[in-house]
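Novice: structure for this input, please:
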Amino acid sequence: MFDAARLRLTGWYMAILTVVVAALSFALYRILINLHYVELHAINPTTRGPVARLFSRHEPDLLLQVLGVDLGVLLLAGIGAYALAGRTLQPIRQAMTRQQQFAAAASHELRTPLTVLQGTMEVALLRDRAPADYQRLLANAVDEVSRMGLLVTDLLQLARAEHDRETLTMAALDARAISEEVAVAMQPVAEGKKQYLDVELDGPLPLRGDAIKLRQAVMNLVDNAVRYTPAGGTIRIAARRAGNRALIEVRDSGPGITARHLQHIFEPFYRVDTARSGGEGHVGMGLALAAWIVRAHGGQITISSHLGEGTAFTLSLPLAAT
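Specialist: Numbering: from 1, shown residues only. Next up, the predicted model:
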């Protein structure tokens, strides 16, 4: 499809260039002819006739020269137009590829809980059961519905991300407060997995942004760290100043991520190897949402990881003027 579109776009470029080149060449040809006739009339009248006959034989040569130059220009322009058409369509091609991958991944993620939910309902209808059995089956169904609800919520947030950039609820806040709130909320979760959660906050770190979304971004990073850090491991949340920017770092002592996965880690639904995925039903949306939230605030998010040593995510946000 894109190859055909590229050829059509090249054809339109060439059609426009052909018209422009033809018009310019015709004008140039007429100018040269007129100049030659002006020079001819300046010759002595007694010799003008033979010279005129001689010049008339060279008019076709001049036309062929102009046409030759035009063909050379159009050949080079055709090569350039083909390359330009490819560059013009590349962003559209990438966007459609991402859209297809996104739709395929979303369909896959939704199909799994739907299959489980359908199987649970079918099992419940096979025969009469004790109330306790029905309660257990319904609890499983509720879990799958909740999972689908969270997935749909994440999908909606990503789908309208570009539009939400204009509807952020911007207000004065402090990066320390955001980090501390996340640490307090995630402390019981970390303790439940026998992990150590350390917090190091410098300040003040005044920002202007959407407190709810920034909290969600940091929460997603800490949740990711808790998810992949083994029992007895350490998770560290640090907030500090670096020049005119506030840095929030979330570091874990998990298994780390191989280099080939790092460039894709913020893509929706992207999964790394099974050692990192953990088999916990994670659908790879949290990091994509965190990356969008940070970018929407004019910030950057980076990752560094070493196998066997852990992973560190760093949010860099512009400090507000004080």
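Novice: from now on I want contacts and neighbour counts done on CA atoms only, so please keep to that.
Specialist: Fine.
Novice: I would like the residues contacting stretch 236-253, please.
Specialist: 175-176, 179, 183, 197-203, 205, 207, 221-222, 225-226, 229-230, 233-235, 308-319 (C-alpha atoms under 8 Å, 6 or more residues apart in numbering).
Novice: give me the pLDDT for L67.
Specialist: In this model, L67 is scored at 76, pLDDT.
Novice: of the contacts of stretch 236-253, grab the buried ones for PyMOL.
Specialist: The PyMOL command for the buried members of the contacts of stretch 236-253 (criterion: 16 or more other C-alpha atoms under 10 Å) is given here:
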select buried, resi 175+176+179+183+197+201+205+207+221+222+225+226+229+230+233+234+235+310+311+312+313+314+315+316+317+318+319
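Novice: now, the contacts of stretch 236-253 that are in helices?
Specialist: Those of the contacts of stretch 236-253 mapping onto helices are A175, R176, S179, A183, L221, V222, A225, V226, per DSSP state H.
Novice: how about the fifth one, what does it touch?
Specialist: What it means is L221. L221 makes contact with V250, G286, L287, A290, F313, according to C-alpha under 8 Å, 6+ apart.
Novice: report the lowest-confidence entry in those.
Specialist: Within the contacts of L221, pLDDT reaches its minimum at G286, with 77.
Novice: okay, now that one: neighbour count?
Specialist: As a burial measure, G286 scores 22 neighbours (other C-alpha atoms under 10 Å).
Novice: distance of it relative to V69?
Specialist: 59 Å (C-alpha to C-alpha, to the nearest Å).
Novice: specify the local secondary structure of the residue nearest the centre of the chain.
Specialist: Centroid-nearest residue in the chain, with C-alpha atoms, centre = their mean: E267, separated by 7.6 Å. For E267, the assignment made with DSSP: H, G, I helix; E, B strand; the rest coil gives coil.
Novice: in this structure A190 contacts D198, no?
Specialist: No. Assessed by C-alpha atoms under 8 Å, A190 is found out of contact with D198, at 10.5 Å.
Novice: that older thread, now the residue nearest to the centre of the chain. Nearest residue, chain neighbours left out?
Specialist: With C-alpha to C-alpha, 6 or more residues apart in numbering as the criterion, E267 has its nearest non-adjacent residue at 5.5 Å, and that residue is A288.
Novice: check the residue lying closest to Q300 once chain neighbours are set aside and give its pLDDT.
Specialist: Leaving aside its sequence neighbours, Q300 sits nearest to S316 (C-alpha to C-alpha, 6+ apart; 5.2 Å). Here, the pLDDT recorded for S316 equals 95.
Novice: show me what contacts S316?
Specialist: Contacts of S316 (C-alpha under 8 Å, 6+ apart): R245, A246, L247, I248, V294, G299, Q300, I301.
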